[in-house]
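# give me the fold of what follows.
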Amino acid sequence: TGINTIAQQKVNAVRYQNIDYLRRFRKDQSVSDDAEYFLQVACLYSQSEQPSKGGCHLPKTGENIYKRKDGRWEARFISGRKPDGRAKYTSVYARTYAAAKAKLEDRKRMIVSRPAGSCRLTVKELFVWYLSQAEIKPSTRARYVFLIEHHILPELGSIFVVSLTAKQLSDFLSQKRQSGRLHGGGLSAKSVRDIGVLIKAALRFASAEYHFYCDALNTKLPKTKQREIEPFSAWELDQLRKGLSPSPNHKDAGILLSANGGLRLGEVCALRVSDIDFQNGTVSIERAVQRVRQNGKTKLIIQTPKSEKSVRVIPLPNDMMAYLKKAVSGLSQNAYILTGRTDKPMEPRTYQYYFESVLRRCGIRKRSYHTLRHTYATRCIENGIDIKSVSEMLGHADITTTLRLYVHPSMDSKRQAVQKISFLGGVA
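The predicted structure follows:
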């Protein structure tokens, strides 16, 4: 048969599952072709025996199918080429060799039926398709349409998706940062990042559907710095309390609800009397109000809150519940709390203006309505409420968002903290 001694040793290594011994021989460049062939035959024999531990699981000739350490089989194949000519690999996984091979063939057929570069969409056509498929809230859709029509399509709309490069997209975003505002000047880093995120989301959608490599997906988006919002001080909260109407009323109730429950402006405006559970001392957040632009006009819409976690039940202090009971007395259960009407919620911008007028009356400098939410989160943490509970009451998906955005320890709390670690005692 022409098989030399080294080849026979390899066979023994395979059959007795001596992997280290086998690997040592694979580095031996002096092995004859016959010996190498015999090794492949031996490996196939090893696969047919399906050893329970260890063993040789090398691919068959021309294949790239391996058994992983976790017990699964991995099959890899070249699914495309990168701009520099290097191969782009795709992997499929299965519990058995046969299943992995079947999956591999299915994926290869899929690539053949829709080869790389078969996407003939322009960026404009892509976004028409993307918006028709995306399941998003009306307010999100309105925001996307604005960014697409006013910022993306005028410069990128006619470019074919497959030819859009990372450099083109990077240059486009840089230009928007410098002079992208519709009325002169540059866009903020956040706005530019929002545009980049939207473009990349649509490109990933097309890439998954048409199975082509898109260089623009390698574009690095600009980093944004979170704008610091200073919470209200204890003195300012006291002034706010004194400045509100001495008798409970449904219009002032929104400000106190945000200060005592962390409600967003749109959530407060959409709150109905029926959302208050006086027996259990809670308020349910199930909807939000927002004004969006549709077909060239603006429209006030009621939709679900910001995220899935934003639908929540918040416990309120006893004095807040007592205030609400008097404030909504006489209103229908279906009435919106801030307007007292069943047919129309409060316009968020109108309530923001009202809040600013209250601040002026109280001698407090102008702040956004969202400052009430920041203040609520900060006070909860300072008073020892665990961060997980605070995160859920705010409607965040995880606690990192709460810590990063809303927790602002005051100087007083910092002073108290450092006093606790003092060890000098009466030395000074």
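# make it CA atoms for all contacts and neighbour counts henceforth
OK.
# count of neighbours near Val283?
22 (other Cα atoms under 10 Å).
# over to it. Which of the three states is it?
Three-state call for Val283 (DSSP: H, G, I helix; E, B strand; the rest coil): strand.
# could you find the closest non-adjacent residue to it?
Ile276 (4.6 Å; Cα to Cα, 6 or more residues apart in numbering).
# shaky segments in the stretch 101-250 of the chain?
109-118 (pLDDT under 70).
# all helices for it, in order.
123-133, 138-147, 153-156, 166-179, 189-210, 234-243, 250-261 (DSSP state H, counting those that start in this stretch).
# separation between the residue nearest to Val283 and Leu403?
28 Å (Cα to Cα, to the nearest Å).
# more crowded one of the two?
Ile276 (23 against 16).
# these two touch, right, that one and Val268?
No. Judged on Cα atoms under 8 Å, Ile276 makes no contact with Val268 at a distance of 11.9 Å.
# my guess is Gly266 contacts Arg291. True?
No. Contact criterion Cα under 8 Å: Gly266 and Arg291 do not qualify, at 9.5 Å.
# so what's in contact with these two at the same time?
Pro348 (Cα atoms under 8 Å, 6 or more residues apart in numbering).
# so these two - more neighbours on which side?
Counted by other Cα under 10 Å, Gly266 and Arg291 do not tie: Gly266 has more neighbours, with 23 against 16.
# and the host helix or strand of that one, which residues are buried?
Per DSSP states H and E, Gly266 falls inside helix 265-269. Of all the residues in helix 265-269, those buried under the rule 16 or more other Cα atoms under 10 Å are Leu265, Gly266, Glu267, Val268, Cys269.
# average pLDDT across it?
Mean pLDDT, computed over helix 265-269, is 96.
# and it, how far out from the chain's middle?
Distance, stretch centre to chain centre, for helix 265-269: 23 Å (Cα atoms, centre = their mean, to the nearest Å).
# C-alpha coordinates for that helix, CSV please?
Output of helix 265-269 as CSV, limited to C-alpha atoms (Å, rounded to 0.1, in the frame of the first residue of the first chain):
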residue,chain,number,x,y,z
LEU,A,265,-43.9,64.9,31.1
GLY,A,266,-45.8,62.9,28.4
GLU,A,267,-46.8,60.3,31.0
VAL,A,268,-48.2,62.9,33.4
CYS,A,269,-50.2,64.6,30.5
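# report all helices and strands that that helix contacts.
With contacts taken as 3 or more Cα pairs under 8 Å, 6 or more residues apart in numbering; DSSP states H and E, helix 265-269 sits against helix 250-261, strand 288-294, helix 348-362.
# state the next helix or strand along the chain beyond that helix.
Following helix 265-269 in sequence order, the next helix or strand is strand 276-277 (DSSP H and E).
# contacts for that next one?
Thr282, Val283, Ser284.
# the first one: neighbouring residues, count only.
Counted with other Cα under 10 Å, the burial measure for Thr282 works out to 18 neighbours.
# surely it meets Leu316?
Yes. Contact criterion Cα under 8 Å: Thr282 and Leu316 qualify, at 5.6 Å.
# would you list the helices of the stretch 101-250 of the chain in a markdown table and tack on distance to Asn334 and mean neighbour count?
Shown next, in a markdown table, are these (distance: least, Cα to Cα, whole Å; neighbours: other Cα atoms under 10 Å):
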| stretch | distance to Asn334 | mean neighbour count |
| --- | --- | --- |
| helix 123-133 | 34 | 16 |
| helix 138-147 | 23 | 16 |
| helix 153-156 | 44 | 14 |
| helix 166-179 | 46 | 17 |
| helix 189-210 | 37 | 18 |
| helix 234-243 | 28 | 14 |
| helix 250-261 | 14 | 22 |
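# tell me which of those lies nearest to Leu221.
helix 189-210 (5.9 Å; Cα to Cα).
# which residues does that closest one contact?
Contacts for helix 189-210 (Cα under 8 Å, 6+ apart): 114-119, 126-127, 130, 144, 147, 151-152, 161, 173, 176-177, 213-214, 216-217, 221-224.
# let's see that with 7 Å instead.
Contact with helix 189-210 is made by 114, 118-119, 127, 130, 147, 173, 176-177, 213-214, 217, 221-224, as judged by Cα atoms under 7 Å, 6 or more residues apart in numbering.
# between it and helix 166-179, how many degrees?
150 degrees (axes from the mean of the first three to the mean of the last three Cα atoms, to 10 degrees).
# and stretch 398-411, how far apart are its ends?
26 Å.
# repeat for stretch 392-411
Stretch 392-411 has an end-to-end distance of 26 Å (Cα to Cα).
# stretch 178-194 too?
Chord length of stretch 178-194, first to last residue, is 15 Å (Cα to Cα).
# start the count at 427, not 1, going forward
Happy to do that; since the first residue is 427 now, the last one works out to stretch 604-620.
# distance between it and the chain's centre?
22 Å.
# reformat the helices of the stretch 527-676 of the chain as a markdown table; add distance to Tyr749.
Shown next, in a markdown table, are the helices of the stretch 527-676 of the chain (distance: least, Cα to Cα, whole Å):
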| stretch | distance to Tyr749 |
| --- | --- |
| helix 549-559 | 45 |
| helix 564-573 | 33 |
| helix 579-582 | 52 |
| helix 592-605 | 48 |
| helix 615-636 | 39 |
| helix 660-669 | 12 |
| helix 676-687 | 8 |
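# and Arg533, which of those helices is closest to it?
helix 615-636 (12.4 Å).
# got the angle between the closest one and helix 564-573?
Using the same axes, to 10 degrees: helix 615-636 against helix 564-573 is 100 degrees.
# ok, back up a step: rank the helices and strands packed on helix 691-695 by pLDDT, which is bottom?
Among the helices and strands packed on helix 691-695, strand 714-720 scores lowest, at a mean of 88.
# now it against helix 774-788, angle please.
Going by the same axes, to 10 degrees, strand 714-720 makes 120 degrees with helix 774-788.
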